[in-house]
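In: How does the following fold in three dimensions:
(one chain, ligands or ions: 1)
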Amino acid sequence: MSAPSFSEIVRSHSTRAAELMGVSSAVQTILAEPKRELIVHFPVRMDDGSFRLFKGYRVQHNNILGPYKGGIRFHETVSLDDVRALAAMMTWKCALMQLPFGGAKGGVTVDPSTLSRGELERVTRRFTHDLGDNIGPNHDIPAPDVGTNAQVMVWMMDTYMNTVSESQKQVQRAVVTGKSLAAGGSQGRDKATSQGMIHCLQRWADDHRVDLAGCSAIIQGFGQVGSHLAMLLVRLGVSIYAVADKSGAYKSAEGFNPHKLVAYVREHGVLAGYPRAEPISQEEFFSTPADFFFPAALQNAVGPAEAERLDVRLVVEGANGPITPEAERILLDKGVDIIPDLLANAGGVVVSYFEWLQNRRTERWTLAHVDARLERQMNEAYMRVSLHAADRGIDRRTAAYALAVAHLAEAYEERGVFP
Ligand code: NAD
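Out: Predicted structure coming up:
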């Protein structure tokens, strides 16, 4: 029997949670499939004068709680199944965090590191144009994900704004979140996902009477999420002894200086070649003893072999779906705690919501205001998930899905199904 696909894994989590919460089969059936799936093929002129055809996706899973919301991924492995899984996860994440958003995800099958800046801009603008009316500030609001960043969001916003009449232009700024500050982004959005993970870590440390100063960590993925996380961890006195990205895995016996590492990756794109690191194998990376493991790369990065090797107390999931179900069983049996993706990496969408609100109200919030609101929302969600898990004697992932599914089911039961 072949391994389940990413979307089958996500569906199995939500089905188990729905059954646990006694959600009706009608609502389960509705939530099992995305509402809409769009596939586009679009040509882009490359720097050498040739044309290349690209494939892009936007999957809108559910919008009963509010406009669709979810990132745009530029990666060579992007497929319809991945985008489906990630779109559904956004529905559950927004419901768990009690945000007025539904779930969506999009992407283009391309390795952005092979494109020049001009080519990346043309891919982004042409993809946005092809999405057309399928996105909009009241309808579907993209954000950054793997391979995209604030610059890509600004190009998306600008392209979208140029398709509406002059009198409507300014109110369209909220069509994407994760923009640069100059283009109307929010203070704190760049580190929001990592900051949310830190709040979860701190609540876990409080619960387990662990002093974070003096603890150790390993991080997989050193992009937007992994790099901000490293800088925040070191501020708390947590040392980072091993890091990995698509170029390989590396260790530092005395612990990495994340600021130097971030500056290096900003210049070179990857960790490879960093002078104060020793290259290690993937096996050695996963076997490095540490208090915490932070996966911040791609889905299914931790299978049974990696789970057997991991020698940590806690995994905080920055990435979406980084642990396969088989690996999760191994980790839980070993007594490793897991703070699941729906909760752990929700800081990004929470501050995206703040950005959307600021754009709609033409307000500018201070970093202190954003950070305080984020901390409150993360702490409340952490408590809800932990209490539900303890009450029912279930793991935190099942508890997070259960709360999300129950919230959506309530909305469906009240509204009924049209006509
Ligand atoms: P990014 O593109 O900025 O960074 C991705 C990192 O993963 C890079 O360092 C890359 O080299 C590394 N990587 C890719 N393939 C790898 C492999 N096979 N092994 C090891 N490392 C590998 O992306 P990001 O925005 O940091 O997103 C990382 C994860 O966090 C994704 O799963 C994403 O869905 C999730 N996430 C991101 C946000 C956000 O705000 N950006 C919010 C919630 C969840």
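
In: Of all the residues in stretch 378-390, which ones are buried?
Out: For stretch 378-390, the neighbour count (16 or more other CB atoms under 10 Å) marks 378, 381, 382, 384, 385, 386, 388, 389 as buried. For every residue, glycine as well, the C-beta is placed using N, CA and C.

In: Which ones, among those, also lie beside the ligand?
Out: Among those, none lies close to the ligand by the criterion of CB under 6 Å from any ligand atom.

In: show me the contacts for the residue in the stretch 151-300 of the chain that the ligand sits nearest to.
Out: Per CB to the nearest ligand atom, residue 223 is where the stretch 151-300 of the chain lies closest to the ligand, at 1.8 Å. Going by CB atoms under 8 Å, 6 or more residues apart in numbering, residue 223 touches 146, 245, 296, 297.

In: which two from these end up farthest apart in space?
Out: Farthest pair in those (CB to CB) is 146 and 245. Separation: 11.6 Å.

In: Name the residue in the two with the higher neighbour count.
Out: Taking neighbours as other CB atoms under 10 Å, residue 146 and residue 245 compare with residue 146 leading, 24 against 21.

In: May I have the secondary structure class of the more buried one?
Out: Assigned with DSSP: H, G, I helix; E, B strand; the rest coil, residue 146 falls in the coil class.

In: Can you tell me which of the contacts of residue 223 lies closest to residue 164?
Out: residue 146 (28.8 Å).

In: for residue 338, helix, strand, or coil?
Out: Quick answer, by three-state DSSP: residue 338 is strand.

In: Run through the residues that contact the spatially closest residue to it that is not a sequence neighbour.
Out: Once flanking residues are discounted, residue 338 sits nearest to residue 315: 4.8 Å by CB to CB, 6 or more residues apart in numbering. Counting by CB under 8 Å, 6+ apart, residue 315 touches 292, 293, 294, 295, 302, 323, 331, 336, 337, 338, 339.

In: Which one (most neighbours) among those?
Out: Neighbour-wise, these (other CB under 10 Å) top out at residue 294, 32 neighbours.

In: how near is that one to residue 178?
Out: 20 Å (CB to CB, to the nearest Å).

In: Buried by neighbour count: which residues of stretch 226-240 qualify?
Out: 226, 227, 228, 229, 230, 232, 233, 234, 238, 239, 240.

In: What is the most widely separated pair among the residues you listed?
Out: 228 and 239, at 17.0 Å, using CB to CB across the buried residues of stretch 226-240.

In: mind listing what residue 400 touches?
Out: 92, 96, 340, 342, 343, 385.

In: same thing but 6 Å
Out: 96, 340, 342, 343, 385 (CB atoms under 6 Å, 6 or more residues apart in numbering).

In: Please identify the helix or strand for it.
Out: Secondary structure from DSSP states H and E places residue 400 in helix 396-415.

In: Where do the helices of the stretch 51-200 of the chain begin and end?
Out: 80-96, 117-131, 150-161, 192-207 (DSSP state H, counting those that start in this stretch).

In: TSV please, covering those and showing mean neighbour count.
Out: Below are these laid out as TSV (neighbours: other CB atoms under 10 Å):
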stretch	mean neighbour count
helix 80-96	26
helix 117-131	19
helix 150-161	21
helix 192-207	22
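
In: that older thread, which one among the contacts of residue 223 gets closest to residue 272?
Out: Among the contacts of residue 223, and counting by CB to CB, the member closest to residue 272 is residue 245, at 8.1 Å.

In: OK, contacts around residue 47?
Out: residue 116.
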